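[1] Okay, here's the prediction I keep looking at, along with the sequence it came from:
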Amino acid sequence: MRLRPLVALVSAGLLLNTSAFANMDNFRFSGFASVVAGTVVDGDGYWARLPDAGGQYTSGIEFEPESLLGLQGRYAATTKLSLTAQVVMRGANDFDPDLEWFYASYQINPDTSLMVGRYRLPVYHFSEYMDIGIAYPWLRVPTDAYSLAVTNIQGASLSHSVDWEIGVTQLRLYAGQQDTRPNKLLTTIEQYKTGQIYNQQGQFIGVQDLLAEKDYKDLVGVVADTHIDWFNVRLSYLKGNEQYRLYGPADQGRPLIAGGEWTGTRFFDVSLVAELGYAMLMAEFNDYKDIYRSWFVSGVYRIDEWSLYAYATQFESDLRFIAPGGISAGTESPVSGSVDDEYHSIGVGFRYNINPRTAVKFEVINFEDHGDAAVFVDEDQDGETSAVAVSAALQLTF
Amino acid sequence: MKILLLVLNLLWVPVSQAEIAVIVHPDNAAAVNAKDIRNVFLGKVGSFPNGNNAKPITYQEGNQARTRFNLELLRKTDVLYVAFWSKLMFTGAAVPPPELASYKDMVSQIAKDPNSIGYVPVEAVDDSVKVVYTF
């Protein structure tokens, strides 16, 4: 949803602030930002596989792959009805403003609300706020376990809180659909998996003009997020139908290479968080039917304004058609072959709070690729794309 | 200058030692405990135990009562409090409590709204509000 959304959001804010009918108390303007610098210290490149294909690092110290600025405006039309718009400018998209969220919310009663419009698909523990770096300790959410091919959907969502004797459960039932054309994350995955181009000296010079699209319909999901004192367990389940399409280069008329059929799908995610005074322990696991399983575990220790953390995360897909050695070695049986995409990462880092709304973070990540397919730049064309990368970030909210 | 110092001295409340009172409107008949207060101030529930709408109010960052309230009742440092509410606000799940500048403003606001709930040092309590919890 583009339509010069930044201009629209700011204009709407100015209009509301100057209109004779507007009440400043009813309009709330807020935002968040991350300035992230990263570089690869070992390997051909590191890709954090963020939404919109963000997080790609190949040479030098790069500032654009993960940096972003988000602006949110919320107008309370009545005490029960509000309208919220969120514009995000991502370095991965040349900081072009994109109206990512736009929804109306109605408070049915103090503990029940209805949301209608375009909003973030709440499948993972952090999927709704993985852009809000100030809200979590890591420099980025461990991305091996967060392979979001669709981030925002259009539909409706009903939330309800249940306060029982020893805890509170926040229930959410949602439904919607979304076409992702192109799907930037899947396009980039396919380009590096099967479409890397090398010159006669064997040097990587780019990727083929492949294009991936994915449409989602009949999505119905439920989230149960329960807090019991220091313990939090969150369960998420989604089912629906999806259609994947992979197209060849534009100069060949974009021939359909794969996909084109609607298939039933389901996604399950469970996360556990324990807040133990100075320490936080967390684990998350998810299973995407016939596509992948992934998980991460992490420990965080807080000392005054410092948080020290470590995590381990892994991704394993169900695809088995690329031969060991990468696409340059050919293909193999999709049934009895070895796994195409299998990788894990170990990250260590720290967060320092300059003030409650501003933090700096630093992280070293060791990414190990054990699958047959290349995940990112593969100079020696063997399908193995392990890397070590370091990143530093300034993250804030206002 | 002496007058200014005298005024500042009169306004000074040593919050780190003082008892803090959680206050509501006198007409609010809801019985609340620490868990209820925590759930309301963290946006986990939107109502008092009696079902009435609950509107929590807090202070701007740097206020000593806010720091102590967050730490002792909500079990969150100011950093974790901001992180928690950033998550809810930017995901549309809830709107953070409005932030006032002074204890006088808090008492005045609570006295006007039967659904509101806030907190002040016990010395700042007057007859226009009702104390439902102290710590």
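    That came in fine, so what should we check first? Residues are numbered from 1 along each chain as shown, chains lettered A, B, ... in the order given.
[2] residue contacts, residue 94?
    Picking chain A for this. A:E64 (Cβ atoms under 8 Å, 6 or more residues apart in numbering or on different chains). Using the backbone N, CA and C atoms, a C-beta is placed for each residue, glycine as well.
[3] Chain B was what I was after
    Per Cβ under 8 Å, 6+ apart, neighbours of B:A94: B:G43, B:G46, B:L88.
[4] name the element the first one belongs to?
    The reference is to B:G43. Counting by DSSP states H and E, no helix or strand carries B:G43.
[5] Wait, it touches B:T91, no?
    No. Counting by Cβ atoms under 8 Å, B:G43 sits too far from B:T91 to count as a contact (11.0 Å).
[6] ok so, going back, would you mind giving the contacts of B:A94 as TSV with distance to A:A85, pLDDT and neighbour count added?
    Output for the contacts of B:A94, formatted as TSV (distance: Cβ to Cβ, whole Å; pLDDT from 0 to 100; neighbours: other Cβ atoms under 10 Å in any protein chain shown):
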residue	distance to A:A85	pLDDT	neighbour count
B:G43	21	91	20
B:G46	23	90	19
B:L88	17	90	18
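[7] What parts of chain B come near chain A?
    Contact residues, chain B versus chain A (Cβ under 8 Å from any Cβ of the partner chain): B:39, B:44-47, B:49, B:51-54, B:61, B:75, B:78-79, B:81-84, B:86-87, B:89-93, B:95.
[8] Any of those residues buried? List them.
    Applying 16 or more other Cβ atoms under 10 Å in any protein chain shown to the residues of chain B next to chain A, the neighbour count classes B:39, B:44-47, B:49, B:54, B:75, B:78-79, B:81-84, B:86-87, B:89-93, B:95 as buried.
[9] In contact with B:P114, which residues?
    By Cβ under 8 Å, 6+ apart, B:P114 lies in contact with B:H25, B:D27, B:N28, B:N52.
[10] and A:Q177, what are its bridge partners?
    Per DSSP bridges, residues listed as beta-bridge partners of A:Q177: A:Q154.
[11] Determine the number of other residues adjacent to it.
    If you count neighbours by other Cβ atoms under 10 Å in any protein chain shown, A:Q177 ends up with 14.
[12] and if you look at A:I61?
    Counted with other Cβ under 10 Å, the neighbours of A:I61 add up to 12.
[13] Just give the nearest non-adjacent residue to it, would you?
    With Cβ to Cβ, 6 or more residues apart in numbering or on different chains as the criterion, A:I61 has its nearest non-adjacent residue at 4.7 Å, and that residue is A:T39.
[14] what's downstream of the helix or strand the one you found falls within, the next helix or strand?
    For A:T39, the host element (DSSP H and E) is strand A:27-42. Next in sequence after strand A:27-42, counting helices and strands by DSSP H and E, comes strand A:46-47.
[15] ranges for the helices of the chain?
    Picking chain A for this. Secondary structure of chain A, counting by DSSP state H: helices at A:5-18, A:184-194.
[16] Correction: the question concerned chain B.
    Counting by DSSP H, chain B has helices at residues B:2-11, B:34-41, B:64-72, B:78-90, B:103-112.
[17] contacting residues around the closest residue to A:S157 other than its chain neighbours?
    Of all residues not flanking A:S157 in the chain, A:Y174 sits nearest, at 3.8 Å (Cβ to Cβ, 6+ apart). Residues near A:Y174 by Cβ under 8 Å, 6+ apart: A:P122, A:G155, A:A156, A:S157, A:L158, A:L219, A:V220, A:G221, A:V222, A:V223.
[18] what residues does the stretch 251-398 of chain A put near chain B?
    So far as Cβ under 8 Å from any Cβ goes, the stretch 251-398 of chain A lies against chain B at A:E275, A:E305, A:N353, A:N355, A:P356, A:R357, A:A359, A:T397.
[19] Might you report the residue contacts of the first one?
    Shown in contact with A:E275 (Cβ under 8 Å, 6+ apart): A:W230, A:F231, A:N232, B:R75.
[20] For the nearest residue to the second one once chain neighbours are set aside, grab the count of nearby residues.
    Think A:F231. Spatial nearest neighbour of A:F231, chain neighbours left out: A:A274 (5.7 Å); criterion: Cβ to Cβ, 6+ apart. By other Cβ under 10 Å, 14 other residues sit near A:A274.
[21] cool, A:L394 as well?
    By other Cβ under 10 Å, 16 other residues sit near A:L394.
[22] now A:S161
    Applying other Cβ under 10 Å, we find 21 other residues in the vicinity of A:S161.
[23] Would you mind measuring from it to A:L210?
    According to Cβ to Cβ, to the nearest Å, A:S161 stands 45 Å off from A:L210.
[24] likewise A:F376?
    Taking Cβ to Cβ as the criterion, A:F376 is separated from A:L210 by 15 Å.
[25] Kindly report the same for B:L42.
    In this view, B:L42 and A:L210 are 46 Å apart by Cβ to Cβ.
[26] Check chain A for the residue nearest chain B and tell me.
    A:P110 (3.4 Å; Cβ to the nearest Cβ).
[27] I figured that residue was touching B:P56, is that so?
    No. Between A:P110 and B:P56 there is no contact under Cβ under 8 Å: 11.8 Å.
[28] Where does the prediction get shaky in the chain?
    Went with chain A since none was named. The model of chain A has pLDDT under 70 over residues A:1-24.
[29] that's the other chain; I wanted chain B
    Across chain B, the ranges flagged by pLDDT under 70 are B:1-17.
[30] 50 - rerun?
    By pLDDT under 50, the weakly predicted segments of chain B are B:1-2, B:4-15.
[31] Just give me the closest of the contacts of B:P114 to A:Y146.
    Closest approach to A:Y146 among the contacts of B:P114 (Cβ to Cβ): B:N52, at 39.5 Å.
[32] was I right about the closest one contacting B:V32?
    No. The pair B:N52 and B:V32 fails to qualify as a contact (Cβ under 8 Å) at a distance of 11.0 Å.
[33] List the residues that contact A:R357.
    When contacts are counted by Cβ under 8 Å, 6+ apart, A:R357 is found next to A:I134, A:L396, A:T397, A:F398, B:E61, B:V82.
[34] Run me through the strand neighbours of the strand ranked longest in chain A, direction for each.
    Ranked by number of residues, the top strand in chain A under DSSP state E is strand A:256-276. Strand pairing for strand A:256-276, determined by DSSP bridges: strand A:231-247 (antiparallel), strand A:279-288 (antiparallel).
[35] can you put those in TSV and add distance to B:V131?
    What follows is the strands paired with strand A:256-276, written out as TSV (distance: least, Cβ to Cβ, whole Å):
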stretch	distance to B:V131
strand A:231-247	31
strand A:279-288	34
